[in-house]
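In: Sequence and predicted structure below; questions after.
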There are 2 protein chains.
Amino acid sequence: MRESPLFWPIKLRGNVIYCLDETALPQKLLYRKAKNLSQAVGLIKTMKTRAFGQVLMVYNIFLLILKKNRYLKPQRQIENLKKAALKINKSRPTFPFPFFTQMILSWANQAKEAEKDIFAFTENRIKKFLINLREKRLDQAEKLSRLIKDGDSILTHCNVSGSLVLAAEFCRKKNKKIKIFVTETRPYLQGSRLTAWELQRSGFNVTIIPDNAVALVMSGKLVNLVVVGADQMAQNGDIANKIGTYQIALLARHFKLPFYVFAPPPSKAKTKDDIKIEIRPEKELLEFEGKRIAPQKAKGFYPAFDITPHNLITKHITLDL
Amino acid sequence: MRESPLFWPIKLRGNVIYCLDETALPQKLLYRKAKNLSQAVGLIKTMKTRAFGQVLMVYNIFLLILKKNRYLKPQRQIENLKKAALKINKSRPTFPFPFFTQMILSWANQAKEAEKDIFAFTENRIKKFLINLREKRLDQAEKLSRLIKDGDSILTHCNVSGSLVLAAEFCRKKNKKIKIFVTETRPYLQGSRLTAWELQRSGFNVTIIPDNAVALVMSGKLVNLVVVGADQMAQNGDIANKIGTYQIALLARHFKLPFYVFAPPPSKAKTKDDIKIEIRPEKELLEFEGKRIAPQKAKGFYPAFDITPHNLITKHITLDL
C-alpha cells in the first residue's frame, strides 16, 4: 500500500534525524536535518513537524542520543537521557510527550538495572516499538475504512498524518468510492496544505472549504460523516485536537452525523480537565508568511487546540499498541 | 459621535464616486474612484466595497447617472436608469440589489409620469433617503447598545460596517465597559482587517481569534453574547450573512448565548429558500494575495454566505427606514 510522506515523516540516518518540513508543503517536499537534541526540539517548537511526527521525533531523538552516549558510563547515559526527556516534555504543552519519553526511560533503566548494554537494549526496544507502531497504524486505518460505505462523503479537519489517505486506499481496494471535504484549518492551513495535498497526490476526490463553511456543507448534505485525529486522548475518551475540532463535533451532533476519531493510546490525563491547552504566539494568527495581515497593534488569541468531550464522539478508532 | 470610515464608505464628489477600498485595509486607507457605471460595478464585483457599502454604492451610481443624463429626453433617462439597474442587480447574487434599484426606478418613473424634472426630483429623493438612512443607522446602533450591559464581552464575525463601533461608542457614553472578540473571518479576513481595525482605532478592547476558536471562547465563557450583521433578511427573519454566521448561531444556541443581528429591511425573499447563495471563485480561498497556498491542482469550494434561520436569532436589531 502506497504511503503518504506524512505517514512516516521522521527518519534517522547515521547520526542525523531527517524531519519532513510540514510548513514547506505543498510547495516543497523538504526534509530538515537535526544533528542534536536542541535542533530536534527546535523543529518541534517551530511546528516543522506535528501530530504523529512528534511521536516519531521522540523515538528518533532517543535513538540518536543513545548512539552518541553509548560509550559513557551507564549512570551518565541515563542522566543524559533524562535531560533529553525533560527538554522534550517542555517543548509543547498539549501533546503528551511524557507518555513517550517515560516509556523509553523505563527501558533504559531496565537495561541499567539488569546490567545490560543500555544502548543495545533500548535501541532494540525502540526499533521493535516502531515496527509495531507502523503495523498498528495500518490496522487503525483499515478499521476506519470498514466504517466507510461506498458513496460516503467525509469531512475532515487539520491532518491525520497519512492515516486518512491510508483508510481511503483501503476503501479503494474494496471498490468503495468516496469523497473528502477538508477545512483549510487556519491559521497553519494543515487541511489545505497537508491533507488536500496527500489525498490529491494519491488520486482521491478532495475539496478544500473555509473553516467557516462546516455548517453549510453539513446542512447541505455535502458530507455525511466526520473523521479527525487527536493529539491526545484522556482516559475517559475526551480528546485534544487542532482548534476547531470541538465546534465541528458539536455541529456534527446537531446534524446527526457520525463523528469518528483516530485516537492515540490514552495519556495520563483522566479527563479533559487534566489536559493543558497550548496558547501559541499571537503573531501566528496576525501574520501570514512573515507579513502582517491584522492591524498593527491588534491583539490576537490563538489557542492551538481545543477539547472534544467523549460524549460527542461516535467512535474512537483506537491505535492498539 | 465619531464615525468609522466603514460607516459611510462611499461618497460622490462632482462626477466621481469615491469608494473606500476595504481590501486595502488595514494597511492603507485608500479610496478608489469610479467615473461611470462599469467602474462602479467593477468595485462591487471585486469586493472593494461590500455589505452596507453596496447600498451606498447603488444610490451614488444613480446620482451620477442622473447627473450625466439630465439633459437627455425623459424616455432616454429612464431607459439608461433601467440599464444601470439591470447591471447592478447582476453584480453579486446574494445581496438584494433589486430592492434598492427598484426604489430609485420607481421615483424616476413617478417624476416622469408627473412630468417633473427626473434628475431634480429623483436626486432630491435619494438625498433625503440617504439623510434618513444615516439617522436610522445611528438609531439602530443605539438600540443594540441598550441590550449591552457593563462588563459584557461580545463575539462578532466579519464586519458590520461601522455599526458595532457606533454601538460601542454609545456604551462608552453610558460608562459601560465592554470587550469584543472578533473572528478573523477567512478567506477575506474582514474580521481581522476591518472590524478589529475600526474598533481599535476608536480605543476599544478587541481581540482577534481564529474562526476555529468560536466553540472554545464560548465554552470558556470569554464571550457572553454574539452580534453579527446581515447582507439580506427574508420576510420571515431568516438572514444571509458572511459564511460562518450559521455555525456561530448554532454554537450560540448550544451555549445559551444571545445572538443579535443588525438587520437590514426585509427583501422580497419570503424565507431562506428564496435567497441565492453566491459561490465565489475558488482561487479566493486557494490563493493569498495572489500567491497559491493550496496544492496546485486542489479544488476549493467557497460559498461566500450562509443562511441563519430566524429561530436561531434572539433579536433582530432592525433598521427602521
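Out: Sure thing, it's come through.

In: CA only for contacts and neighbour counts going forward, please
Out: Will do.

In: so the closest residue to A:Ile148 other than its chain neighbours is in which element?
Out: Counting by CA to CA, 6 or more residues apart in numbering or on different chains, A:Cys171 is the residue found nearest to A:Ile148 once chain neighbours are left out, at 7.5 Å. Element membership of A:Cys171 [criterion: DSSP states H and E] is helix A:163-173.

In: what's A:Ile307 sitting at in phi/psi?
Out: For A:Ile307, the backbone dihedrals are phi -110, psi 130 (criterion: degrees, to the nearest 10).

In: State the number of residues packed around it.
Out: 25 (other CA atoms under 10 Å in any protein chain shown).

In: Tell me if I'm right that it and A:Ile239 touch.
Out: Yes: in this structure, A:Ile307 is within contact of A:Ile239 by CA atoms under 8 Å, at 5.6 Å.

In: Find residues that contact each of these two.
Out: A:Lys272 (CA atoms under 8 Å, 6 or more residues apart in numbering or on different chains).

In: residues contacting A:Ile313?
Out: If you count contacts by CA under 8 Å, 6+ apart, then A:Ile313 has A:Ala249, A:Pro258, A:Phe259, A:Tyr260, A:Val261 around it.

In: Would you map the strands across the stretch 201-321 of chain A?
Out: Residue ranges of the strands in the stretch 201-321 of chain A, as given by DSSP state E, counting those that start in this stretch, are A:205-209, A:225-228, A:232-233, A:239-242, A:259-263, A:279-280, A:287-288, A:291-292, A:299-300, A:302-303, A:305-308, A:315-318.

In: Confirm that A:Ile180 lies within a strand, as I assumed.
Out: Yes: under DSSP: H, G, I helix; E, B strand; the rest coil, A:Ile180 sits within a strand.

In: Tell me how many other residues crowd it.
Out: A:Ile180 sits with 24 neighbouring residues when counted by other CA under 10 Å.

In: Distance check, it against A:Asp139.
Out: To A:Asp139, A:Ile180 is 21 Å away according to CA to CA, to the nearest Å.

In: count of neighbours near the residue nearest to A:Arg186 when sequence neighbours are not counted?
Out: Leaving out its chain neighbours, the residue that sits closest to A:Arg186 by CA to CA, 6+ apart is B:Pro210, at 6.7 Å. Residues lying near B:Pro210 (other CA under 10 Å) number 26.

In: The stretch 51-200 of chain A: helices as residue ranges?
Out: A:52-69, A:74-89, A:97-113, A:118-147, A:163-173, A:190, A:196-201 (DSSP state H, counting those that start in this stretch).

In: I'd like the ones you listed laid out as a markdown table, including mean pLDDT.
Out: Putting the helices of the stretch 51-200 of chain A into a markdown table (pLDDT from 0 to 100) gives the following:
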| stretch | mean pLDDT |
| --- | --- |
| helix A:52-69 | 97 |
| helix A:74-89 | 98 |
| helix A:97-113 | 97 |
| helix A:118-147 | 97 |
| helix A:163-173 | 97 |
| helix A:190 | 96 |
| helix A:196-201 | 96 |
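
In: any idea which of those is most buried?
Out: Compared across the helices of the stretch 51-200 of chain A, helix A:190 shows the largest average neighbour count, a mean of 25 (mean count of other CA atoms under 10 Å in any protein chain shown).

In: Show the pLDDT at the residue sitting nearest the centre point of chain A.
Out: Nearest residue to the geometric centre of chain A (CA atoms, centre = their mean): A:Ala51, 1.8 Å. In this model, A:Ala51 is scored at 91, pLDDT.

In: Look at the residue lying closest to it once chain neighbours are set aside and report its pLDDT.
Out: Excluding its sequence neighbours, the residue lying closest to A:Ala51 (CA to CA, 6+ apart) is A:Asp231, at 5.8 Å. At A:Asp231, the model reports a pLDDT of 94.

In: and A:Asp231, how many residues sit next to it?
Out: Per other CA under 10 Å, the neighbour tally for A:Asp231 reads 20.

In: got it, and A:Ile10?
Out: As a burial measure, A:Ile10 scores 25 neighbours (other CA under 10 Å).

In: and what of A:Gly244?
Out: What A:Gly244 shows, counting by other CA under 10 Å, is a neighbour count of 28.

In: Could you find the closest non-adjacent residue to it?
Out: B:Asn212 (4.0 Å).

In: measure stretch A:140-157 end to end?
Out: End-to-end distance for stretch A:140-157: 18 Å, by CA to CA.

In: and what of stretch A:107-122?
Out: One end of stretch A:107-122 sits 6 Å from the other (CA to CA).

In: So what touches it?
Out: A:Leu66, A:Lys67, A:Arg70, A:Pro74, A:Gln77, A:Ile78, A:Ile104, A:Arg125.

In: any idea which of the residues you listed is the one closest to chain B?
Out: Distances from chain B to the contacts of stretch A:107-122, taken as CA to the nearest CA, are shortest for A:Ile104 (34.2 Å).

In: residues in contact with the closest one?
Out: Contact partners of A:Ile104, counting by CA under 8 Å, 6+ apart, are A:Tyr59, A:Phe62, A:Thr122, A:Ile126.

In: What is the most widely separated pair among those?
Out: A:Tyr59 and A:Thr122 (10.4 Å; CA to CA).

In: domains of chain A?
Out: In terms of domains, chain A is parsed into A:5-135, A:142-318 (source: automatic domain parsing).

In: Off-centre distance for the longest one?
Out: Offset of domain A:142-318 from its chain centre (CA atoms, centre = their mean, to the nearest Å): 11 Å.

In: Start and end of that domain, how far apart?
Out: This stretch, domain A:142-318, spans 11 Å end to end (CA to CA).

In: Can you name the residues that contact A:Leu64?
Out: A:Leu12, A:Asn15, A:Val16, A:Ile17, A:Asn36.

In: Since that was my last question, I'll sign off now.
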